[in-house]
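S.K.: Starting from these lines, generate the structure:
(2 chains)
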Protein chains: 2
Amino acid sequence: MKEIVEEQQDFVKDIHKMSDDFDRWYTDVVRKAEMADWSGVRGMMVVRPYGWAMWEAIQRAFDDMIKESGHENWAFPLLIPQNLLVKEAEHIEGFGPEVAWVTKAGAGMEELEEPLAVRPTSETIIGNIIRRYIQSHRDLPKLTNQWNSVVRWEMRSRLFLRSREFWWQEGHTFHSTAQEAIAEADLILGYYRSIAEDWLAVPVLVGPKTPAETFPGAVHTLTLEGLMRDGLALQMGTSHYFGQNFARAYDVSFSNQSNERELCYSTSWGISTRMVGAIVMAHGDDSGLVVPPKVAPTQVIIVPIFRDVEGRAKVESFIAGWAPELKAGGIRFKVDWREERPGDKYAHWELKGVPLRLNVGARDADAQQVELVDRLSRERRPVPVAGIGKAITAELEGFQKRLFERARDFQKANTYELSTLAEVVAHFKEQSGFVWAPWCGDAECESRVKAEAGGVTIRTYDAQKQPSGKCLVCGKPAAHRVAFAKAY
Amino acid sequence: MKEIVEEQQDFVKDIHKMSDDFDRWYTDVVRKAEMADWSGVRGMMVVRPYGWAMWEAIQRAFDDMIKESGHENWAFPLLIPQNLLVKEAEHIEGFGPEVAWVTKAGAGMEELEEPLAVRPTSETIIGNIIRRYIQSHRDLPKLTNQWNSVVRWEMRSRLFLRSREFWWQEGHTFHSTAQEAIAEADLILGYYRSIAEDWLAVPVLVGPKTPAETFPGAVHTLTLEGLMRDGLALQMGTSHYFGQNFARAYDVSFSNQSNERELCYSTSWGISTRMVGAIVMAHGDDSGLVVPPKVAPTQVIIVPIFRDVEGRAKVESFIAGWAPELKAGGIRFKVDWREERPGDKYAHWELKGVPLRLNVGARDADAQQVELVDRLSRERRPVPVAGIGKAITAELEGFQKRLFERARDFQKANTYELSTLAEVVAHFKEQSGFVWAPWCGDAECESRVKAEAGGVTIRTYDAQKQPSGKCLVCGKPAAHRVAFAKAY
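M.R.: Numbers count the residues shown, from 1 in each chain, chains lettered A, B, ... in the order given. Got it, this is the predicted structure:
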């Protein structure tokens, strides 16, 4: 097997500049900010606490959303018998090449009667299980979700973005009507948009994929696409409507109101630890990460500044006076008492992208104030400790808002409106970003853009607006206004 | 491969009586209360929302405890290269026979250069990864934890208790002194005891395992042992102290205060979805489950009682008046509006073990009260709706307490003090429970009891008290007072 072997340095010494080499910058930041590393097992990563805590924040937020609307968490098996995996033809064609197989087990590593796939996704096993629990229309909808990891034998790897194991949630729902299932896929897309925009401060385009980019076995796939700081698009999550395709393959049926057997309509949808990679690439800079407060493991870092034991004691008791107010306000903060120089601490926490820093010295104690520095503007200004809990909460909210606005401005500045293939090819020779253009809906025109513009793909399209122009390739009347981009 | 194939009925029609057949009763309850089922993949279960929600409650409680004391969640790889797994000799001897191996992957199912184990537990991969992050004593302790599933190729299976995949947390910690690591293993045992007793209302014996029952590769293993209603013991969690054994095998070292390289001292510890099985077996009865309020997915079920549309409207608006008070009190409740007879609803929610039921009819609305029935006493009594939030909260606390007391009384009534092998053998021919007896510490005497008393093992021993008697087998002076039981 031919594979690209990832770098496996023990410690990253310096961070490459984002403008010099975005890819190296990304890997440096992820590793030096202690978010993740390669594990030593080829293509598989280890997620460290700082990265995992961001994923936990995303988990909590999304889990609350889906439970509120009646979804329930299940645990389905990790291993899927070969005969189940291959039942839906398009699906296995799409996933077959990426599957890892358990073929031996037990004492003496005996050969199994049938190979078991380590799940690459769980449509096949869930279809086979859920049908037991569905008799009549009264048992529907079944709104299932699970949090787990999946394995896909990728040949290229990139921390958080593409690895042989990744962590995600996979939702699978079963309905009595097509309409309801389509609405479910839309509902989830809305939740995902909220996670991206309200929690991660990453503005996204949302809409359908073209047939060529649709999930294997789906009728349609909805996507959310963020724009990273190198101008490349990142698919941040997908929500699929299957019609009756999977229900047919796995015989998931119900007796409808007329007491006839009918196949269920189903959906599936997932977001993954890729979201954590999006945080890095959408907000970072040459100093490292910038973490949105709502998912920041540490929202506020307090750096005490002192020269001697006496000074330390003074600062310590000063901090002890108002830190409980931060805690009571639910603010995630830390005091950095390590034996390092303040300047080194500043750089360390900037690298980790902590939104707010409070510098606290003896003179601040006298003045009953702290010096606030935020990771975005880097301006320093005094904040009185009276009412500090509320003040910091407001600062964090403001930071979250400004971070989103900055990303939205960046997205706007990197979005273009073009109308011919020649223009699109020329654009992507020099630039990146989203390019909107009219398209006839023909797969041949789509693949021609991909071939001529260096791998550019249609990320999504505007499902609402009827376009007026002509297809950028063939000149026939446009069916959709589509967003092209180079993508991860 | 020879395996016992589990029952795979589609629906359980009735529940066997606990007194007639405890094993069948257990499986019936787990399946009919919609907690879990066999998945169709041999030996692997599917955990349904009602069972999974109990596990989520345990997860939340334990995760809060360990984070409070500085532990951090990581995600380590699912697959472990063969060469890593075999490095610690005792460990691989213990786990080798239970490992499932990935040997093929990708397009064409190509043979991998090296088989990858689906983790049966992660000491080996974590040791190999964590050493990169440990340079000096200042990097210690490293307190890691992860929530995941593991695969062990068991030949016998039983829902929640023994299956080829189960869900757990595995903590792995690394320390600069033996003392600190030993204290860590003790600390976690205390947390586990709190989960068992304060959350699941299951009183436990806690203490060390004998060398024969110690985890492969550990210096000592601590355990918690609950007593199920059939009189068998259930090991509900373990906490292991490894000394430097794993650190030696995986070269996990640090430079100590004298600037010399020293091997770390490590621990590992885990509790699993087996805990959910303990809830069933420690509290259930012929009517089904009894779920402790602190982990109950539904703490209060409201059953509206009415004859006609008018009556329904009256009851509905009555409930709407005070239900918000329950919600505000953080009480997990549901209103059962299904079209079933009240009696069938009562049986349904009794089977599911919901602690409190409120029967609410039109006359209750007039009297501004509800009828409260609890799952333990089954007595009915009126509760005024004025202040119902506080009243129900108090009832739930009382229920949790009474459930624990009932289990503690059961444990007491089934605990014996014996002094000779003959007595122990005779006891276990007729009875079960915990039998305390003096033991010399010799493995031969231990295995003789096991052989003669039908598989009875030492579950744990009293590490504090110096025993006065003579070994029940050989008559030499006792080294420990030990607790024998038949166990799952």
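
S.K.: Please identify the buried residues of stretch A:367-384?
M.R.: Within stretch A:367-384, the residues scored as buried using 16 or more other C-beta atoms under 10 Å in any protein chain shown are A:369-375, A:383. In this view, the C-beta of every residue, glycine as well, is placed from N, C-alpha and C.

S.K.: Quick one: residues contacting the residue lying closest to A:Leu232 once chain neighbours are set aside.
M.R.: The shortest distance from A:Leu232 to any non-neighbouring residue, by C-beta to C-beta, 6 or more residues apart in numbering or on different chains, is to A:Lys486 (5.1 Å). Applying C-beta atoms under 8 Å, 6 or more residues apart in numbering or on different chains to A:Lys486 gives the contacts A:231-233, A:428, A:432, A:454-457.

S.K.: The helix or strand containing A:Ala422: what's the following helix or strand?
M.R.: Assigned by DSSP states H and E, A:Ala422 belongs to helix A:421-430. Helices and strands here follow DSSP H and E; after helix A:421-430, the next one along the chain is strand A:434-439.

S.K.: Mind checking the pLDDT average for that next one?
M.R.: On average, the pLDDT along strand A:434-439 is 97.

S.K.: Contact residues of the stretch 151-300 of chain A facing chain B?
M.R.: A:151, A:153, A:164-165, A:167, A:273 (C-beta under 8 Å from any C-beta of the partner chain).

S.K.: which one of these is nearest B:Glu340?
M.R.: A:Trp167 (40.1 Å; C-beta to C-beta).

S.K.: Okay, now the sheet partners of the helix or strand containing A:Glu225, with direction.
M.R.: According to DSSP H and E, A:Glu225 maps onto strand A:220-227. Sheet neighbours of strand A:220-227, with direction, are listed as strand A:204-208 (antiparallel), strand A:233-243 (antiparallel) (DSSP bridges).

S.K.: Name the residue of the stretch 351-488 of chain A that lies nearest to chain B.
M.R.: A:Lys352 (14.3 Å; C-beta to the nearest C-beta).

S.K.: what phi and what psi does the backbone show at the residue nearest to that residue when sequence neighbours are not counted?
M.R.: Using C-beta to C-beta, 6+ apart and skipping the chain neighbours, the partner closest in space to A:Lys352 is A:Ala33 (5.0 Å). Backbone torsions of A:Ala33, given as degrees, to the nearest 10, read phi -80, psi 0.

S.K.: quick one: A:Ala33 from chain B, how far?
M.R.: To chain B, A:Ala33 is 14 Å away according to C-beta to the nearest C-beta, to the nearest Å.

S.K.: What score does that residue have for pLDDT?
M.R.: At A:Ala33, pLDDT is 97.

S.K.: residue contacts, it?
M.R.: Taking C-beta under 8 Å, 6+ apart, one finds A:50, A:288-289, A:351-353 in contact with A:Ala33.

S.K.: How about A:Lys352?
M.R.: With C-beta under 8 Å, 6+ apart, A:Lys352 has these contacts: A:33-34, A:50, A:288-289, A:291, A:298.

S.K.: Now do A:Arg158: how many residues are near it, please.
M.R.: 18 (other C-beta atoms under 10 Å in any protein chain shown).

S.K.: And it, how close does it get to A:Ala36?
M.R.: Distance, A:Arg158 to A:Ala36, by C-beta to C-beta, to the nearest Å: 11 Å.

S.K.: one step back: for the contacts of A:Lys352, which two are the farthest from each other?
M.R.: A:Gly288 and A:Thr298 (13.5 Å).

S.K.: higher neighbour count, these two?
M.R.: Ranked by neighbour count (other C-beta under 10 Å), A:Gly288 and A:Thr298 place A:Gly288 first, with 25 against 20.

S.K.: Which strands or helices does the worst-scoring helix or strand of chain A on mean pLDDT pack on?
M.R.: Least confident helix or strand of chain A, by mean pLDDT, DSSP states H and E, is helix A:89-95 with a mean of 80. Packing partners of helix A:89-95 (3 or more C-beta pairs under 8 Å, 6 or more residues apart in numbering or on different chains; DSSP states H and E): helix A:245-250.

S.K.: who does the helix or strand following the helix it packs on touch, helix- and strand-wise?
M.R.: Sequence-wise, the next helix or strand downstream of helix A:245-250 (DSSP H and E) is strand A:253-255. Helices and strands touching strand A:253-255, by 3+ C-beta pairs under 8 Å, 6+ apart, are strand A:261-263.

S.K.: and the strand it packs on, which strands flank it?
M.R.: Looking at strand A:261-263 with DSSP bridges, its partner strands are strand A:253-255 (antiparallel).

S.K.: in the strand it pairs with, what counts as buried?
M.R.: Within strand A:253-255, the residues that qualify as buried by neighbour count (16+ other C-beta under 10 Å) are A:253-254.

S.K.: ditto for stretch A:173-180
M.R.: Buried, per 16+ other C-beta under 10 Å, within stretch A:173-180: A:173-176.

S.K.: Equivalent analysis for stretch A:419-429, please.
M.R.: In stretch A:419-429, counting by 16+ other C-beta under 10 Å, buried: A:420-421, A:424-425, A:427-428.
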